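Student: How does the following fold in three dimensions:
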Amino acid sequence: DPPDVAVVCLDVNPWEMGKNYAVDVAILGDPKATLSEMAPMIGQLMSETSRQTAAQRAETLGRAKAEAQQRLRAQAAEETSKTPMPALAMNYVIATTVPEDICIVDESLTSDVALRNLLPRRHPRDYFGLKGGGIGWGLPATVGVSLARRDQPVLGLIGDGSAMYNIQALWTAARYGLRSIFVICNNGQYLILKRRLHAYDGPAAKAQEYVGIDLVNPAIRFVNLANSLGVHGVRAEGATDFQQALKEALQRPGPTLIDVAIEADFPTA
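Tutor: Below is the predicted model of the structure:
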């Protein structure tokens, strides 16, 4: 950090105070409540010059963000022509097809590229994600949110590897007629684990052999799995297929699983 910039840490946990950086001011409190109280106090202390500078900075940042959003959407739209779809194209199809207020459960892990930028959430209960750690919660979480939100569809984004932890949750969705849409981001592997092994540069990375990571030979037939558990299943090989499947799923009174083929996106060097 520049030497003339003060470092302020605001957190609910005292353990976080100064944990990573030496701080000039440490504030213990709930961030949302504390910032709501602090904002008018800071406003009173600011000079007119400071207010103008802050307004100019906000305008500059806002313009830069809007331009970045425009570039992202243009890139995503261009990538929808590729087969298999890049993850960015998959998320673009979602953002341009689903209702603006749809509830998202996101455990796509390596496939949620720019989803929150393409489909920003306006309400805290319209998006459920994770910070990291264990995998496998996304499919049953979609069921749980659907049980709580019986009046509207709930879209779950789930990696193919993650889905196999609790695939039996599909039966629950069928049993209770939930309006769950399970989008399986299928790149044929536990990509998050493969990337970690690659980053560690250990024996697996050096030999380019990732035992138990690739979900091929045989490939998992998620449509068959869904059907066997009472859920309507469909395979989407490209953007057009995926958009059509999404539109139909949004109208269906019960659950739908969409097995979406996406590119592997794994570094080989």
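Student: Tell me the helices and strands packed up against the lowest-mean-pLDDT helix or strand in the chain.
Tutor: None of the helices or strands of the chain scores lower by mean pLDDT, DSSP states H and E than helix 191-200, at a mean of 79. Helices and strands touching helix 191-200, by 3 or more C-beta pairs under 8 Å, 6 or more residues apart in numbering; DSSP states H and E, are helix 160-163, helix 203-207. Placement of C-beta: from N, CA and C, glycine included.
Student: now do 7 Å
Tutor: Using 3 or more C-beta pairs under 7 Å, 6 or more residues apart in numbering; DSSP states H and E, the elements in contact with helix 191-200 are helix 203-207.
Student: Report the buried residues of the following helix or strand past the helix it packs on.
Tutor: Moving toward the C-terminus from helix 203-207, the next helix or strand (DSSP states H and E) is helix 222-228. Residues of helix 222-228 classed as buried under the neighbour-count rule (16 or more other C-beta atoms under 10 Å) are Phe222, Val223, Leu225, Ala226.
Student: Repeat that for stretch 207-220.
Tutor: Buried residues in stretch 207-220, counted by 16+ other C-beta under 10 Å: Tyr210, Ile213, Asp214, Leu215, Ile220.
Student: Can you read off the pLDDT for the fourth one?
Tutor: Just to be clear, that refers to Leu215. At Leu215, the model reports a pLDDT of 84.
Student: Run through the residues that contact it.
Tutor: Contact analysis of Leu215 by C-beta atoms under 7 Å, 6 or more residues apart in numbering lists Asp160, Gly161, Gly188, Gln189.
Student: give me that answer again for 8 Å
Tutor: Listed by C-beta atoms under 8 Å, 6 or more residues apart in numbering, the contact partners of Leu215 are Asp160, Gly161, Met164, Gly188, Gln189, Tyr190.
Student: Right, I'll call it a day here.
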